[in-house]
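> What follows is a predicted protein model with its sequence.
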Amino acid sequence: MLYVYAIIIGVLVGFSIGAGAALMFKAPSKQGLGAFRTLGEINGSEGDPISHFGFGLGFFITSAAAAAGTGALTQDVQHRIIPNWAAALVSLGNKKAPDKQIMIKSPIRMGIAGAIVGVVIIPILIGIPQLIPEKISVIAKGILGSAANWLFKYVMPVLFLLAALSASKFVGLWSIGLAVIFQFTSGNSLPGIILGIILGSIQQEKGYKSRHFILMLLIVVTLWILIAYFRGLFTTNVDKWLAFKT
Amino acid sequence: MKKTKNNDVIDIRNENTKVFLQRGKLGSVLDKVDKLFDFNWVFIILVTMLSMGTVLGTFLYVTYGVGAMNEIFVVKMLDDGLDKGEWSAAIGFAAGFLIARVLEAPLVGILDIGGSIMTGVGIGVPAVFLSQEKLTFVITNPGMAILIGAALGIAIGLGIYLIRLSSPKEGLNLGTEIMMGAGNQTGAFLGPLVLIAAAIYNPIAGIGAGIGGLLFFFLKKPIVGGAILGSMLLGIIPAYV
């Protein structure tokens, strides 16, 4: 059954990513699906099948390693491997084309090529952890688990907060404030910092009386109340808040 | 420049290109299908397909332990929920990205799938369902997972479609460059952290990670892949000694 699901995922994700990547060339007049860095990387290979394939291959190896270790396929599958390998497939026969990227700009061709790539690579990536001995995946989980834990507990909040502080006064203000509040409500300050960056940027651009800012503030407050409620912050004893830890 | 009936500039295809594309029967059929993609609503279908696939991937991860379509450290947030019941980090992190990306998409013309679909739809929304015991069936059942994915995709696609239809292009800075910059830096930290974690786990795994990392360093690839593979290959030795 696992592989049936993998094939379904491959078709769905592959087709949409491929066609979405082709539509990115027409942005902003058409709505594309992908990422700016994906568009830049596709342009970087200039419709040459071998460079497209090589670029995807590097990320395929890292993705396979991550899948083997943790079961996470990494964002590179959708951001890099599928778009670039689909681009390599469609541009195989275009040596004589006046515009090397002409096939990559055709959504249906890219969509079909993406679906083919997806159907092949998703089952492979999902099958890899099944192939390797259990002892290896225990080791991988042990190592990657603690590395990812540090990353998300300490490195990410610090990096995001530093980026917020160097951005502007408003962004820094909201990020610091929400970082503290979300650390004790949600157990991690990162959500607070991200919401702080969004709030601060809107305030800087539109002012605190604009409807955009007020709407976003309402979203943040609602989100915070929901998290606080489900984590039982409101039912915590006051003694716990004032507890003096030694 | 070639103009269609709707006066949209579709492409800068010159006559040569057109001939090149339409050679053969298949080519001309595909070219006709391509015209469909000029309709803006096709975007909704694409987002729906992508969301269905991504949520199905999350279902695979929850059930079989493999298949989540996201970075290791984002999937780790899902793990924290599955192992310890700590869902708020996943929900809060994903919600922030989802909101920012969906609001940004109509303005710049590209929906960033990393923040919106992979993180928001693939991690955040499943985390909401998994955090409530009565609702876990939504993610642990493949049919329901696909349905939820479809519903989310239609909602996001339709939302972006309607914003594009209604609003004049007023720029709204949501600080996504700040988040992108920090996010990209985060990726660079994973390699060194894996190296250190491997050496803490056991010395032989550490040496393996070092060799793998060095190899990838000289191949001018991110060292994280080499560090993971090396630590796994050598780290297994103590288990058999």
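Yes, it's here. Residues are numbered from 1 along each chain as shown, chains lettered A, B, ... in the order given.
> for chain A, longest helix please?
helix A:107-131 (DSSP state H).
> Run through the residues that contact B:Gly153.
With contact taken as CB atoms under 8 Å, 6 or more residues apart in numbering or on different chains, B:Gly153 is in contact with B:44, B:47-52, B:117, B:121. Bear in mind the C-beta positions are built from the backbone N, C-alpha and C, glycine included.
> circling back: now the longest helix of chain A, how far from the centre of its chain.
The chain centroid and the centroid of helix A:107-131 are separated by 18 Å under CA atoms, centre = their mean, to the nearest Å.
> Which strands or helices does that helix pack on?
helix A:2-24, helix A:49-70, helix A:82-90, helix B:24-36, helix B:42-64 (3 or more CB pairs under 8 Å, 6 or more residues apart in numbering or on different chains; DSSP states H and E).
> Return the member of those having the minimum mean pLDDT.
Among the helices and strands packed on helix A:107-131, helix B:24-36 carries the lowest mean pLDDT, a mean of 81.
> got the buried residues for that helix?
Applying a neighbour-count criterion of 16 or more other CB atoms under 10 Å in any protein chain shown, one finds B:30, B:34 buried in helix B:24-36.
> now that helix and helix B:42-64, what's the angle there?
Interaxial angle of helix B:24-36 relative to helix B:42-64 (axes from the mean of the first three to the mean of the last three CA atoms, to 10 degrees): 100 degrees.
> Does helix B:24-36 reach chain A?
Yes - legend: contact between helix B:24-36 and chain A by CB under 8 Å from any CB of the partner chain is shown at B:30-31, B:33-34, B:36.
> distance between that helix and the chain's centre?
Distance, centroid of helix B:24-36 to centroid of chain: 30 Å (CA atoms, centre = their mean).
> Show me what that helix packs onto, helices and strands only.
Packed next to helix B:24-36, using 3+ CB pairs under 8 Å, 6+ apart, are helix A:107-131, helix B:15-22.
> Point out where the chain drops to low pLDDT.
All of this is about chain A. Flagging of chain A using pLDDT under 70 yields the residue ranges A:95, A:237, A:245-246.
> if you could check chain B rather than the one you did, that'd help
Short version for chain B, where the test is pLDDT under 70: B:1-23, B:167-173.
> Please enumerate the strands of it.
B:2-3, B:9-11, B:110-112 (DSSP state E).
> thinking again about what came up before, what would the residues of helix B:24-36 next to chain A look like in a markdown table with distance to A:Ile214?
Output for these, formatted as a markdown table (distance: CB to CB, whole Å):
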| residue | distance to A:Ile214 |
| --- | --- |
| B:Leu30 | 48 |
| B:Asp31 | 48 |
| B:Val33 | 45 |
| B:Asp34 | 43 |
| B:Leu36 | 40 |
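> Just the closest of these to A:Val180, please.
Within the residues of helix B:24-36 next to chain A, distances to A:Val180 taken as CB to CB reach their minimum at B:Leu36, with 50.9 Å.
> residue contacts, the closest one?
A:108, B:42.
> Equivalent analysis for A:Pro107, please.
Per CB under 8 Å, 6+ apart, neighbours of A:Pro107: A:18-19, A:22-23, B:34, B:37, B:42.
> Against B:Lys35, how distant is it?
10 Å (CB to CB, to the nearest Å).
> so A:Ile102, which of the three states?
coil (DSSP: H, G, I helix; E, B strand; the rest coil).
> is it true that it touches A:Lys96?
No - using CB atoms under 8 Å, A:Ile102 is not in contact with A:Lys96, being 10.8 Å away.
> which one of these two has more residues nearby?
A:Ile102 (21 against 7; other CB atoms under 10 Å in any protein chain shown).
> Relative to A:Leu39, how far out is the more buried one?
Taking CB to CB, one finds A:Ile102 at 16 Å from A:Leu39.
> again, but for B:Asp38
19 Å.
> ok, now A:Gly114?
15 Å.
> When the two are compared, which one has more neighbours?
Taking neighbours as other CB under 10 Å, A:Gly114 and A:Leu39 compare with A:Gly114 leading, 31 against 17.
> Skip the chain neighbours and tell me the closest residue to the more buried one.
Nearest non-adjacent residue to A:Gly114, counting by CB to CB, 6 or more residues apart in numbering or on different chains: A:Gly18, 2.2 Å away.
> go on, A:Phe230?
B:Ser131 is the one closest to A:Phe230 (CB to CB, 6+ apart), at 6.6 Å.
> Name the residues that touch stretch B:175-194?
Residues contacting stretch B:175-194 (CB under 8 Å, 6+ apart): A:143-144, A:147-148, A:150-151, A:155-156, A:159-160, A:162-164, A:167, A:171, A:194, A:197-198, A:200-202, B:71-73, B:97, B:100-101, B:104, B:112, B:115, B:209, B:213, B:222-224, B:227-228, B:231.
> those helices in chain B, which residues are they?
Going by DSSP H, chain B shows helices at B:15-22, B:24-36, B:42-64, B:72-84, B:88-108, B:125-131, B:137-140, B:142-166, B:176-201, B:203-218, B:223-235, B:237-240.
> Phi and psi next, for A:Ala72.
phi -90, psi 130 (degrees, to the nearest 10).
> Tally up the residues packed near it, please.
26.
> Apart from its neighbours in sequence, what residue is nearest it?
B:Val75 (3.8 Å).
> from what I can see that neighbour touches B:Ala127, true?
No - contact criterion CB under 8 Å: B:Val75 and B:Ala127 do not qualify, at 11.1 Å.
> can you list the contacts of B:Gly153 in CSV and add distance to chain A?
Listed next are the contacts of B:Gly153 as CSV, based on distance: CB to the nearest CB, whole Å:
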residue, distance to chain A
B:Ile44, 9
B:Val47, 7
B:Thr48, 8
B:Met49, 4
B:Leu50, 4
B:Ser51, 9
B:Met52, 5
B:Ile117, 8
B:Val121, 12
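> Dump the residues you listed to JSON lines, plus distance to A:Val120 and neighbour count.
As requested, the contacts of B:Gly153 are exported to JSON lines (distance: CB to CB, whole Å; neighbours: other CB atoms under 10 Å in any protein chain shown):
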{"residue": "B:Ile44", "distance to A:Val120": "27", "neighbour count": "20"}
{"residue": "B:Val47", "distance to A:Val120": "23", "neighbour count": "30"}
{"residue": "B:Thr48", "distance to A:Val120": "23", "neighbour count": "22"}
{"residue": "B:Met49", "distance to A:Val120": "18", "neighbour count": "26"}
{"residue": "B:Leu50", "distance to A:Val120": "18", "neighbour count": "32"}
{"residue": "B:Ser51", "distance to A:Val120": "22", "neighbour count": "32"}
{"residue": "B:Met52", "distance to A:Val120": "19", "neighbour count": "25"}
{"residue": "B:Ile117", "distance to A:Val120": "21", "neighbour count": "31"}
{"residue": "B:Val121", "distance to A:Val120": "24", "neighbour count": "27"}
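> who's in contact with the residue nearest to A:Gly114?
A:82-83, A:86, A:107, A:110-115, A:117.
> Of those, just say which sits nearest to chain B.
Nearest to chain B among those, counting by CB to the nearest CB, is A:Pro107 at 4.1 Å.
> circling back: are any of the contacts of stretch B:175-194 buried, and which?
A:143-144, A:147-148, A:150-151, A:155-156, A:159-160, A:163-164, A:167, A:171, A:194, A:197-198, A:200-202, B:71-73, B:97, B:100-101, B:104, B:112, B:115, B:209, B:213, B:222-224, B:227-228, B:231.
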